[in-house]
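1. what's the 3D shape of this:
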Amino acid sequence: MKKFRYIIAGAFVIGALVSCEKEEVTTNENEQDQLEQPATKNAESVGNGGSLSQFTIVDDYLYTIDYKTLNIFNLTDPSNPSLEESIDMGVGMETVFHRNGRLFIGSNDGVHIYDISNPRNPQELSQFEHVTSCDPVIANDHIACATLRGGTECGGFLSQLDIIDITDIQNPQLIAEYELGNPYGLGFSNANQNILYICDGNEGLKAFDVSDPNMPELIMTNAFITPKDIIVEEDNNIIVLTTAGVYQFDGSNPTSFVEKSLISVE
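-> From the prediction side, this is the model:
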């Protein structure tokens, strides 16, 4: 599965660059108890991508989103992947994120949460609706976080962070909002799961303390980069896609990164 890790990281870079370019041209994770505690997937068999990603690998399956369709590919034979299912999701599907046997799908009208206990037959658990906006989403065991970006082809004018309580997965509730400048991707720190990173465009990379998710607190701003998306790896290696290129940081100190490398695109 290490091979897939490299593929997904490469596709993250290429896909995000294409997505950002397109946007600039247009606009300048049985019964109730089981649902509440889904089985955690083996980390070795889960793909690692950014929040703007339109695909994710879970065990032997690849899930992709293409605006209105969820496609499910079987990767049991990596040299010969096969399309198993294509599910009509309506329109406006943008991103997909996996956490603990659930798919969190960001759309331009909300967040859709699916159970994939049966990997070929995802079942919708719930939906959180918001104003029309571009909307990547990530989650941990307790909250889902989505950035809404206004003034784009997705529609809407608000630019903000939404924090959603998913303790009751079938009834997600908005518990906090935080105004942002021009947000894109986001990710949780592995060094401290209470720290949330947000790529806020021209305003830089921001870190929020969400230990009290009702009151997110801004604790770091790196205004020297213009970030679009972020991947936080298990070894605290952090990859940030920016307008200048792809940075690699040591994030062992979650609020004071050490630059390791830069692949320039200028």
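
2. how close does the nearest residue to Ile225 once chain neighbours are set aside get to Leu180?
-> Sequence neighbours aside, Thr242 is the residue nearest to Ile225 in space, at 4.7 Å (criterion: C-beta to C-beta, 6 or more residues apart in numbering). C-betas here are computed from N, CA, C, even on glycine. Distance of Thr242 to Leu180, given as C-beta to C-beta, to the nearest Å: 17 Å.

3. cool, Pro78 as well?
-> Taking C-beta to C-beta, one finds Pro78 at 39 Å from Leu180.

4. So between these two, which is more surrounded?
-> Comparing Pro78 with Leu180 by other C-beta atoms under 10 Å, the one with more neighbours is Leu180, at 22 against 11.

5. ok, now which ones touch Ile175?
-> By C-beta atoms under 8 Å, 6 or more residues apart in numbering, the residues touching Ile175 are 143, 163-165, 213-214.

6. which of those residues has the most neighbours?
-> Counting by other C-beta under 10 Å, top hit in the contacts of Ile175: Ile164 with 23 neighbours.

7. and that one, backbone torsions?
-> With angles defined as degrees, to the nearest 10, Ile164 sits at phi -120, psi 130.

8. Find the nearest non-adjacent residue to it, please.
-> Per C-beta to C-beta, 6+ apart, closest to Ile164 is Ala144, 4.3 Å.

9. secondary structure element for the one you found?
-> Under the criterion of DSSP states H and E, Ala144 resides in strand 143-148.

10. Tell me which strands that strand pairs with, and in which orientation.
-> If you go by DSSP bridges, strand 143-148 pairs up with strand 137-139 (antiparallel), strand 160-165 (antiparallel).

11. Can you give the distance of that strand from its chain's centre?
-> Relative to its chain's centre, strand 143-148 lies at 9 Å (C-alpha atoms, centre = their mean, to the nearest Å).
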